[in-house]
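# Return atomic coordinates for the entry below.
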Amino acid sequence: MVDPLVVDLSRIQFAATAMYHFLFVPLTIGLSVIMAIMESVYVMTGRQVWRKATLFWGTLFGINFAMGVATGIVMEFQFGMNWSYYSHYVGDVFGAPLAIEGLMAFFLEATFVGLFFFGWDRLRPVAHLAVTWLVALGTNFSALWILIANGWMQNPVGASFNPDTMRMEITNFMEVVFNPVAQAKFVHTVSAGYVCGAVFVLGISAFFLLRGKHTDLAKRSMVVAASFGLASALSVVVLGDESGYVATEHQKMKIAAMEAMYETEPAPAALTLFAIPGRDGHPAFEVQFPWILGIITTRSFDRDLPGITELTEHAALRIANGLKAYTALQAIKADPADSGARTTFDAAKADLGYALLLKKYRPDIENATGEEIVQASLDTVPDVWPLFWSFRIMVGCGFFFIGFFALWFYKASIHKFEDQRWLLWACVLALPLPWLAIELGWLIAEYGRQPWVVEGVLPTFYAASGLQVSDLVISLVFFVSLYTALIVVELFLMVKAIRKGPSDTFGLDAGAEPIEPVDAVAVK
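This next block holds a predicted model:
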């Protein structure tokens, strides 16, 4: 049994490196598409201001991309170092999308990033535009495969435990790829990245307008950011609803914890807007909207949404059934030809992971008491109130972005950007909000599935490596220090590039002539 402190430190280290890494990822995703849109306008119109815009935002993209790569590589090594049993147990499934991400998406992205920066004077305009869109495509493909891997951890479809190898193995790769949880997470996460990129472009452009510099580029950038941002913000909310629906289908405990819903309510369940926890953890005071939660999560008026109490009782039943699978598995290990044990195992193997929750309390789980089963069932409840408030702050940010971009879309449509300086300052001050919402979204996704590292299959405490506490403390301090230094470097380079402003010659010969528009009539 791994020391609980080792498990906690391993979790903290992975959470720290993941959340540091995800400071860079959404901006990379958002800027890749925005700069592709701007270069498309440049190729269509031939106007140099759009080339300037593409180069400027592309420079910031490049800085952020490099930092994202540097921080992301470490995460994959942690699966082998800090979570070795996890890698052994589910590596055949989890490793496949990660390998495809490296071979297909990352190399595609990295190759065309180089062509984007150094191909301006070597490629024809349309060819370079294709390169820029391939950079954006590679960035999104990279996110797709990572989220397919993560989605499988949330909803482990297309795989089954093999009692002969004692590992999870893929049974249907297409089910892994088209996992509804993975697909919902992908579109929701990518849309959030688009919002992040749009807020960033809007904020930096507003900063230029406040200083009276590069106003031509800033105004055009704000038009693109406002339009793209509004569409993205609407997508985030709509696709977030889809994520909630699939979570209701596959992760009912997460939904119940997010809503601090301890008891099952009559259908359709009410949505809790605000609540104060009581001494027992249950809400002592609530402000609710009738019916809303049930309609959103079940898309019906008559389906119940189970509460935490009912779900823990169901978990206790699954633990008891999983013990049958575990006992049969020991018989198979002793005699692989035991057909009766295999039949028993096949009938109960879906609950094997629940039986492993008892390993926290005793090694010989076949002899677990009723009290231990009840305690293990209570462990399936994640911490309620961090999830409750994280979800509400995230959703609040989402609706704020819709109003925020709608206002600036209106301003862009009437060509008024500088009439109200306080609105420009609001753009600058709003810069941290996308990262706040995105980080909270990841906290909800990952913290909300505890105690599972793979939902219903492998408990988190059972997946960690048998490291020393001192090893983890040293590596945790090292990674936090290193990643903090990288963020300081990122901010320094970003601020330096922003202060320098757009350039006419980056990546292009100083004497290069403007291109001709691809259309007979240039859009001025």
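# Now do stretch 440-449: everything it contacts.
The contact list for stretch 440-449, computed with C-beta atoms under 8 Å, 6 or more residues apart in numbering, reads 15, 18-19, 22, 150, 153-154, 185, 188-189, 192, 251, 254, 257-258, 382-383, 386-387, 390-391, 393-394, 397, 455. Every C-beta, even on glycine, is put in place using the N, C-alpha and C of the backbone.
# Drop the exposed ones from those and show what's left.
Buried by 16 or more other C-beta atoms under 10 Å: 18-19, 22, 150, 153-154, 185, 188-189, 192, 251, 254, 257-258, 382, 387, 390-391, 394, 397, 455, out of these.
# Pull the distance from the host helix or strand of A320 to the chain's centre.
Assigning secondary structure by DSSP states H and E places A320 in helix 308-334. Centroid displacement of helix 308-334 relative to its chain, using C-alpha atoms, centre = their mean, to the nearest Å, is 31 Å.
# How many residues are close by the closest residue to D3 other than its chain neighbours?
Nearest non-adjacent residue to D3, counting by C-beta to C-beta, 6 or more residues apart in numbering: V469, 6.8 Å away. If you count neighbours by other C-beta atoms under 10 Å, V469 ends up with 12.
# and V469, how far is that from D302?
Distance, V469 to D302, by C-beta to C-beta, to the nearest Å: 52 Å.
# likewise L137?
From L137 over to D302 the distance is 43 Å, taken as C-beta to C-beta.
# Between these two, which is the more surrounded one?
L137 (17 against 9).
# That one touches T111, doesn't it?
No. In terms of C-beta atoms under 8 Å, L137 does not count as a neighbour of T111; the distance is 11.9 Å.
# Narrow the contacts of stretch 440-449 to those in helices?
If you go by DSSP state H, the contacts of stretch 440-449 have 15, 18-19, 150, 153-154, 185, 188-189, 192, 254, 257-258, 386-387, 390-391, 393-394, 397 in helices.
# Roughly how far does the nearest residue to A316 once chain neighbours are set aside sit from V135?
Nearest non-adjacent residue to A316, counting by C-beta to C-beta, 6+ apart: S377, 3.9 Å away. Noted for S377: a distance of 48 Å to V135, by C-beta to C-beta.
# do D338 as well
In terms of C-beta to C-beta, D338 sits 56 Å off from V135.
# Compare neighbour counts for the two and give me the winner.
Remark: of D338 and V135, V135 carries more neighbours, 30 against 15, as counted by other C-beta under 10 Å.
# Relative to the whole chain's centre, how far out is stretch 103-113?
20 Å.
# List the buried residues for it?
Quick answer for stretch 103-113 (16+ other C-beta under 10 Å): A105, F106, L108, E109, F112, V113.
# OK, contacts around S243?
By C-beta under 8 Å, 6+ apart, the contact set of S243 is A184, K185, H188.
# In TSV, list those residues along with distance to D121 and pLDDT.
Output for those, formatted as TSV (distance: C-beta to C-beta, whole Å; pLDDT from 0 to 100):
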residue	distance to D121	pLDDT
A184	43	92
K185	40	92
H188	39	93
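# Let me know the secondary structure of F161.
Classification of F161 by DSSP: H, G, I helix; E, B strand; the rest coil places it in strand.
# nope, P502 is what I was after
coil.
# Count the neighbours of it for me.
With other C-beta under 10 Å as criterion, P502 counts 23.
# That one contacts K213, correct?
No. In this structure, P502 is not within contact of K213 by C-beta under 8 Å, at 9.7 Å.
# Output the below-cut-off pLDDT ranges for the stretch 251-400 of the chain.
By pLDDT under 70, the stretch 251-400 of the chain has no low-scoring segment.
# now with 80?
Applying pLDDT under 80 to the stretch 251-400 of the chain picks out residues 279.
# L202: what's it in contact with?
L202 makes contact with S221, M222, A225, A226, G229, W408, C427, A430 under the criterion C-beta under 8 Å, 6+ apart.
# go on, T343?
T343 makes no contacts at all, as judged by C-beta under 8 Å, 6+ apart.
# roughly how far apart are I146 and D3?
Taking C-beta to C-beta, one finds I146 at 30 Å from D3.
# The closest residue to Q288 other than its chain neighbours and P386, how far apart?
Nearest residue to Q288, sequence neighbours excluded (C-beta to C-beta, 6+ apart): A270, at 4.1 Å. Per C-beta to C-beta, A270 is found 21 Å from P386.
# What is the neighbour count of L407?
Here the number of neighbours of L407 (other C-beta under 10 Å) works out to 14.
# Likewise for K416?
By other C-beta under 10 Å, the residues close to K416 number 11.
# before we move on, back to that, just the buried residues of the helix holding A320, please?
For helix 308-334, a neighbour-count test (16+ other C-beta under 10 Å) marks 308, 310-312, 314-316, 318-329, 331-332 as buried.
# Now do the helix or strand that contains A348 against helix 308-334, angle only.
Element membership of A348, judged by DSSP H and E, is helix 339-348. For helix 339-348 against helix 308-334, the angle by axes from the mean of the first three to the mean of the last three C-alpha atoms, to 10 degrees is 160 degrees.
# What are the contacting residues of the following helix or strand past helix 339-348?
Remark: after helix 339-348, the chain's next helix or strand is helix 352-356, criterion DSSP H and E. Residues outside helix 352-356 that contact it (C-beta under 8 Å, 6+ apart): 161, 315, 318-319, 321-323, 325-326, 329, 365, 376, 452, 454, 456-459, 462.
# With stretch 486-498 instead?
20, 23-24, 56, 59-60, 63-64, 67, 70-71, 204, 207.
# can you rerun that using 10 Å?
The contact list for stretch 486-498, computed with C-beta atoms under 10 Å, 6 or more residues apart in numbering, reads 20-21, 23-24, 27, 56-57, 59-60, 62-64, 66-68, 70-71, 200, 204, 207-208, 214, 503.
# Which among those count as buried?
20-21, 23-24, 27, 56-57, 59-60, 62-64, 66-68, 70-71, 200, 204, 207-208, 214.
# Now, those that are in helices?
Short answer: the buried ones among the contacts of stretch 486-498 in helices (DSSP H) are 20-21, 27, 56-57, 59-60, 62-64, 66-68, 70-71, 200, 204, 207-208.
# I figured F161 hits G322, correct?
No. With contact defined as C-beta atoms under 10 Å, F161 and G322 do not form a contacting pair (11.3 Å).
# Residues that sit against both of these two, list them.
Here F161 and G322 have K349, A350, L352, G353 as joint contacts, going by C-beta under 10 Å, 6+ apart.
# Dump these to JSON lines, plus neighbour count and distance to I498.
Formatted as JSON lines, the shared contacts of F161 and G322 follow (neighbours: other C-beta atoms under 10 Å; distance: C-beta to C-beta, whole Å):
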{"residue": "K349", "neighbour count": "21", "distance to I498": "56"}
{"residue": "A350", "neighbour count": "16", "distance to I498": "54"}
{"residue": "L352", "neighbour count": "23", "distance to I498": "54"}
{"residue": "G353", "neighbour count": "25", "distance to I498": "49"}
